[in-house]
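> here are the coordinates; sequence isn't available:
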């Protein structure tokens, strides 16, 4: 799969949506459902929107982090934030990913990491298709928010598929091997070969192509996984318009980061 060649919404896509439940929580509809990904696997998602809203609705795709010790290392991570955005008039999609499985990292194979990365990018492009297929949405008013792996794969998705008008990238690292080499560890030639195999898809090689869409980077000053040098390198590689914010926090960031995301998205999408 090339990460070039933007094709937009695939008219032959069949999502085969199966609704689990829909709740009205304080004027916000939360739809829990599953759908088929491009590889005929079932993925779970939440679609969150205002219960009553005049179309067209701005839209946001949220992609969660991977931190298996945390309860929100899955599509639930942004549930509260998405409800706040829905109260302001946006429709949000929160999707499952290959790393939603708590034990995914230790069960994966390095021999398959590159191909699985390409597949995940295709899944995120399909998630855009799914979000923009919902009735009453504004396809020209779309934002992306990703944390950790979500941020990194979001960059690669955006390089191939420029439908988002702005990106928030939370605590991502510039190169996939920065994390994929945590386990199993490799040494010498095999390690370098693995690093080299990702050069064409690493976020740092793609992030400049997101321009002219604005990018907000969010990093924690106490993040053990993304040292300040890596964060600054990632930010430097991006093209303008861009902004970086630092928080007195670890890899999970903090409530201040959420407040800034909500404000930034509200201005970008012209929400209430």
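Received, thanks. Computed from a prediction, not measured in an experiment: that's the story for all the values here. Numbering: from 1, shown residues only.

> what ranges do the helices span in the stretch 51-200 of the chain?
With DSSP state H, counting those that start in this stretch, the ranges of helices along the stretch 51-200 of the chain come out as 79-87, 104-107, 110-132, 149-160, 177-180, 188-197.

> What separation do you get for residue 245 and residue 65?
Taking Cβ to Cβ, to the nearest Å as the measure, residue 245 falls 17 Å from residue 65. C-beta: built from backbone N, CA, C; applies to glycine.

> And residue 204, by the same measure?
Here the criterion is Cβ to Cβ. By it, residue 204 lies 19 Å from residue 65.

> quick one, which of these two is more surrounded?
Neighbours were tallied for residue 204 and for residue 65 using other Cβ atoms under 10 Å; the higher tally belongs to residue 65 (24 against 21).

> residues contacting the nearest residue to the more buried one once chain neighbours are set aside?
Taking Cβ to Cβ, 6 or more residues apart in numbering, and ignoring the residues beside it in sequence, residue 65 has residue 148 as its nearest neighbour in space, at 3.5 Å. Taking Cβ atoms under 8 Å, 6 or more residues apart in numbering as the contact definition, residue 148 lies against 64-67, 170-172, 225, 251.

> returning to what we had before: point out the one among the helices of the stretch 51-200 of the chain that comes closest to residue 265.
Across these, residue 265 has its closest neighbour in helix 79-87 (6.4 Å, Cβ to Cβ).

> Residue 161 - how many residues pack around it?
For residue 161, the count of nearby residues is 21 (other Cβ under 10 Å).

> surely it meets residue 126?
No. Using Cβ atoms under 8 Å, residue 161 and residue 126 do not qualify as a contacting pair, with a distance of 10.0 Å.

> ok now do residue 135, which residues does it touch?
Applying Cβ under 8 Å, 6+ apart, we find residue 135 in contact with residue 55.

> before we move on, what about residue 63?
Residue 63 is in contact with 95, 97, 124, 127, 144-147, 149-151, 153-154, counting by Cβ under 8 Å, 6+ apart.

> could I get these as TSV with neighbour count and distance to residue 106?
As requested, the contacts of residue 63 are arranged in TSV below (neighbours: other Cβ atoms under 10 Å; distance: Cβ to Cβ, whole Å):
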residue	neighbour count	distance to residue 106
95	24	22
97	23	16
124	23	23
127	24	25
144	29	28
145	30	27
146	27	22
147	28	20
149	25	15
150	26	19
151	26	22
153	24	19
154	27	24
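
> which one of those residues is nearest residue 56?
residue 144 (17.9 Å).

> Wait, that closest one touches residue 92, no?
No. Counting by Cβ under 8 Å, no contact exists between residue 144 and residue 92, whose distance comes to 11.1 Å.

> shared neighbours of the two, anything?
In contact with both residue 144 and residue 92: 60-61, using Cβ under 8 Å, 6+ apart.

> what's around residue 267, how many residues?
Residue 267: 11 surrounding residues under other Cβ under 10 Å.

> Secondary structure element holding it?
helix 255-269 (DSSP states H and E).

> other SSEs contacting that helix?
Using 3 or more Cβ pairs under 8 Å, 6 or more residues apart in numbering; DSSP states H and E as the contact test, the elements touching helix 255-269 are strand 57-63, helix 79-87, strand 137-147, strand 166-170, strand 215-220, strand 242-247.

> would you turn these into a markdown table with distance to residue 20 and mean pLDDT?
Rendered in a markdown table, the data for these read as follows (distance: least, Cβ to Cβ, whole Å; pLDDT from 0 to 100):
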| stretch | distance to residue 20 | mean pLDDT |
| --- | --- | --- |
| strand 57-63 | 18 | 98 |
| helix 79-87 | 15 | 98 |
| strand 137-147 | 21 | 97 |
| strand 166-170 | 27 | 99 |
| strand 215-220 | 31 | 98 |
| strand 242-247 | 34 | 98 |
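
> Take these and lay them out in JSON lines including distance to residue 45.
Output for the helices and strands packed on helix 255-269, formatted as JSON lines (distance: least, Cβ to Cβ, whole Å):
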{"stretch": "strand 57-63", "distance to residue 45": "10"}
{"stretch": "helix 79-87", "distance to residue 45": "11"}
{"stretch": "strand 137-147", "distance to residue 45": "15"}
{"stretch": "strand 166-170", "distance to residue 45": "19"}
{"stretch": "strand 215-220", "distance to residue 45": "23"}
{"stretch": "strand 242-247", "distance to residue 45": "28"}
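
> Perfect, that will be all.
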